[in-house]
Every structure is written in structure tokens, then in C-alpha cells.
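Novice: build me a model from this:
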Amino acid sequence: MNTTMEKIPQQLLKQFDAKLIKTRISTKNYSFFRKWLRYYIDFCSKYDHDSKNTESLPYFINKLRGKRQSRQHQKQAYDAILIYYEIFGIHPNWPEKPSPGNRFENEVPGVHEKAVAYTKNEAFVNKKWKSVYAGLSNEIKVRHYSPKTFKAYSIWVGKFQGFVKSKALEQLSTDDVKKFLTFLAVEQHISASSQNQAFNALLFFFRNILKKEFGKIDGVVRAKRKPYIPVVLSRQEIDLIIGKLRYPYNLIVQLLYGCGLRLSECMNIRINNLNFDTGILTIHDGKGGKDRTLPLPETLISDLAAQIDVVKELHLQDLNDGYAGAFMFDAIEKKYKNAGKEFNWQWFFPAKTLTYVPETKEFRRSHLHNRHVQKAIKAVVNRAQLTKRATAHTFRHSFASHLLQANYDIRTIQELLGHSNIRTTMIYTHTVKSRTVKESKSPLDL
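Specialist: Below you'll find the model as predicted:
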């Protein structure tokens, strides 16, 4: 989606609306006609066409055709632009009414010839930019970054592409980045974290795709970072939510709170991550690709064992149905082709249905989708009428805060959460009452 779409000036919009009334366009279609005018003006700006030149209209119509807009929508857009031309006294030398049986595109002379030239030009531009996203995907996979990183980076690169209006890659410079980051802060009012993410995405894009050094970025208006205090639930509120959740969401929330997990970490647990002998849960490839171990809550041991029995029964059923196994990461899949069918590699929270893979024509089992858990938690929080805004991540915040409240060492909490920097963990000192003794005293006298 283009975040920099041209807006219709208010004066022009008033004139356009007046023309709509005169031409007796149905009021229910006003918003559609305004939309087509805005698209047209944005299109002309983006592809260096003169919006007041009637020769731009064929290119615009063919753009809509390329976007698979229906003939009805193309005709509606065509009529909207003709009304726009009337504001400036522009009267194309085209027949007002096409001859019977002719399509409306035939009213515009040379539309097909111009379409060919436009399509070739667009294809050339798009081909280069499309290679950017393919390269972005490859570079991220080589570094074993999370798929979410690719999604976020590709979104920001796409917004940057829209901002620079698909400018030739060779002509991109740090000045374009400065203008884009300033635009995000001043016009879009995005948060500081989002602006930093955009900066990191473009830094990665320049260095690894364009093979250009980013250079020093000065004079950028930065979004102000507001101090963030996490929402923390009381133990009573957590028990209330767990009590209202159905299986398996109640067990998931107990793990989120009991082990301080991120939702993605919880969904990615496999059977072999749990060690009941030592009471340890191992998290592989957490945020930043880090591994860590966590103590299993003793109160959950029986419930976790029961969940393993559920997975075991489902796995046997899948094997009998001839499924291809659980989804695996590439390295294991290549080294051990049948690993996906082994019980210890099954998801601890499997998806309810199998997923069909068109490339291999196989059925595989994925884990429960994050969104299902988020929806279940939101529904229960709303029903419970809590005064706090609680999400899946709130249980991780509560885990850290409650440990800190119980006088656990901040370094221990840092390790359990998997934070690289102690400063990240220190935020939880603001979520509990301070118990620091401020009176100076020698430790010999304690």
C-alpha cells in the first residue's frame, strides 16, 4: 500500500463535487468518483504523466486493467477523469458516444499502442524492483533471520519504493532515506521503534541489495521515544483468565506466564524440547536466534504429560492417514528426510488441521496459529471486564515483574527472559514497588 498517495486539494475537490452534481451522478457513487480521481492524480505523479494532458488517460486505464479491475470500474474511472478534465475546460477530441458494440476503451484513440509502451516501461521498472524483494529474501535466509524480519523489512522497503515513486535503483541515495525517515516522523507520526525498524530495514537494503554504503545520516527528524511501562496483571487476574480459557489455550497461557515465554516461542515448542527428568524446557532459536533453558513449572507437570499423550494419539492417526510429517526447518529436513514423522519432532501444540503443500503434493502438520491464541485471550479478557489491556505478551511481563517482586536477582530474570542487554530487563523495575533501603549502612552492621 502506498503511504504517500497524492491527496486531492480541497479547492479542486469542491470543483469536482460541483461537476458531479451537474452531471447528475448518483450520490452513492460520489465516493467512488473521488477515489478514481485521487488514483489518477497519484498515478500521474508516480509515473511522470501530466494529469491535465488527455494522453495520460489511456495509460491510467491500462494500469487499472493490469490490476485486474473490472470493465465496470474501468468505465467508472474513465468517466471520473473526463469530469476532471471539464474543470479545466479540456475537451478531448473523442466521440461522446461510442458506436454500438464498441468497448469504451475504443473511444480513446491510440489506447492500445500507448498501452504497449506503458506496459514495457512499467515492466522494466518493476522487474528491477521485484529483484530487490527476491534478493532481500535470499540475504535474510542466508543469515538465518526470522521470517518475521523478512516480512517487516519487505514492508518498509515497499513503503520506501512508494515514497521515491519507484525511482531507478542506481539513483537512490541517502538523501532519499533522510526524506523518507523525516516523512515518517513528521507526516505519519509513527513511533520511535517503528522509525528505527524502518532505518534498520533500509540500512540492510542499501548494504546487502544495492551494495552501497549507507553513509552518515544527519538532519533526520527523529520520532521521540516515549518511556514504556509494561502492563502487568495480578496473580488473581491471571488465574481468572486461565480459568475462563478452554483447552488448549489455558495450558498455553500457563506456559506463557509460568516460563515467561514469547507467544512465538511457545507455539514453536516440540516434544523434544521438554525434559521431565531434569524439569527443563529448552527454547531453540528464540528472538535473535538465541537458545535458553527454563525450569518447568512443577504444578504443570501432569498437564504437560497429558498434552504429550494427546499429541501421541494425533501423531499415530496422522501416520495411519499417510501424512508427510510435521513442518521442519531446512537443515534437519535435508539431513534427516523422515525426521518430520518421528514423534519427538512433533509440535507440542499442533494445528487442528493438516496443511496441503502444493509444491510436493503432501499434507503436513503445522503448529497452532498465533492468531488463534491471541483471539482466545482477547475474548476472555473482554468477558472478564478487566481494567487493563492484556495480550499474550502481558503474561511474559507479569512473569518478570512477579519474580522481581519476589526479590529474584535482576540478572537471573534477564537470563530467563533471554535478554541480551540488562537495560531491557530493567524496565520491570518500574512495574513493582521499590523495596530499596535508602539509608546508608555498612554491610558489617547488617
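
Novice: mind listing the helices for the stretch 1-150 of the chain?
Specialist: Counting by DSSP state H, counting those that start in this stretch, the stretch 1-150 of the chain has helices at residues 10-22, 30-46, 56-66, 71-87, 111-142, 147-163.

Novice: deepest of the ones you listed, which one?
Specialist: With neighbours defined as mean count of other Cβ atoms under 10 Å, these peak in mean count at helix 56-66, which reaches a mean of 20. (Each C-beta comes from the backbone N, C-alpha and C, glycine too.)

Novice: quick revisit: and the helices of the stretch 1-150 of the chain as CSV, adding mean pLDDT and distance to Val310?
Specialist: Below are the helices of the stretch 1-150 of the chain laid out as CSV (pLDDT from 0 to 100; distance: least, Cβ to Cβ, whole Å):
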stretch, mean pLDDT, distance to Val310
helix 10-22, 87, 60
helix 30-46, 88, 51
helix 56-66, 81, 50
helix 71-87, 88, 50
helix 111-142, 64, 33
helix 147-163, 87, 27
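
Novice: could the ones you listed be laid out in JSON lines, adding distance to His402?
Specialist: JSON lines is the format used below for those (distance: least, Cβ to Cβ, whole Å):
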{"stretch": "helix 10-22", "distance to His402": "54"}
{"stretch": "helix 30-46", "distance to His402": "51"}
{"stretch": "helix 56-66", "distance to His402": "56"}
{"stretch": "helix 71-87", "distance to His402": "56"}
{"stretch": "helix 111-142", "distance to His402": "36"}
{"stretch": "helix 147-163", "distance to His402": "28"}
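
Novice: hang on, Arg364 is in a strand, isn't it?
Specialist: Yes. Counting by DSSP: H, G, I helix; E, B strand; the rest coil, Arg364 falls inside a strand.

Novice: on the pLDDT front, check the residue lying closest to Val164 once chain neighbours are set aside for me.
Specialist: Using Cβ to Cβ, 6 or more residues apart in numbering and skipping the chain neighbours, the partner closest in space to Val164 is Asp176 (5.2 Å). We have a pLDDT of 89 for Asp176.

Novice: over to Ala331?
Specialist: 68.

Novice: again with Asn275
Specialist: Note for Asn275: predicted pLDDT of 95.

Novice: okay, and the beta partners of it?
Specialist: Ile280 (DSSP bridges).

Novice: quick one, domains of this protein?
Specialist: Structurally, the chain divides into domains by automatic domain parsing as follows: 10-92+104-109, 118-208, 229-434.

Novice: ok, back up a step: closest to Ala400 out of the helices of the stretch 1-150 of the chain?
Specialist: Closest approach to Ala400 among those (Cβ to Cβ): helix 147-163, 22.0 Å.

Novice: if we can go back for a sec, list the residues that contact the residue nearest to Val164.
Specialist: With contacts defined as Cβ atoms under 8 Å, 6 or more residues apart in numbering, Asp176 is in contact with Phe160, Phe163, Val164, Lys167.

Novice: quick one: secondary structure of the last one?
Specialist: To tie it back to what came earlier, the one meant is Lys167. Following three-state DSSP, Lys167 is assigned to coil.

Novice: identify the spatial nearest neighbour of it, chain neighbours not counted.
Specialist: Nearest residue to Lys167, sequence neighbours excluded (Cβ to Cβ, 6+ apart): Asp176, at 7.1 Å.
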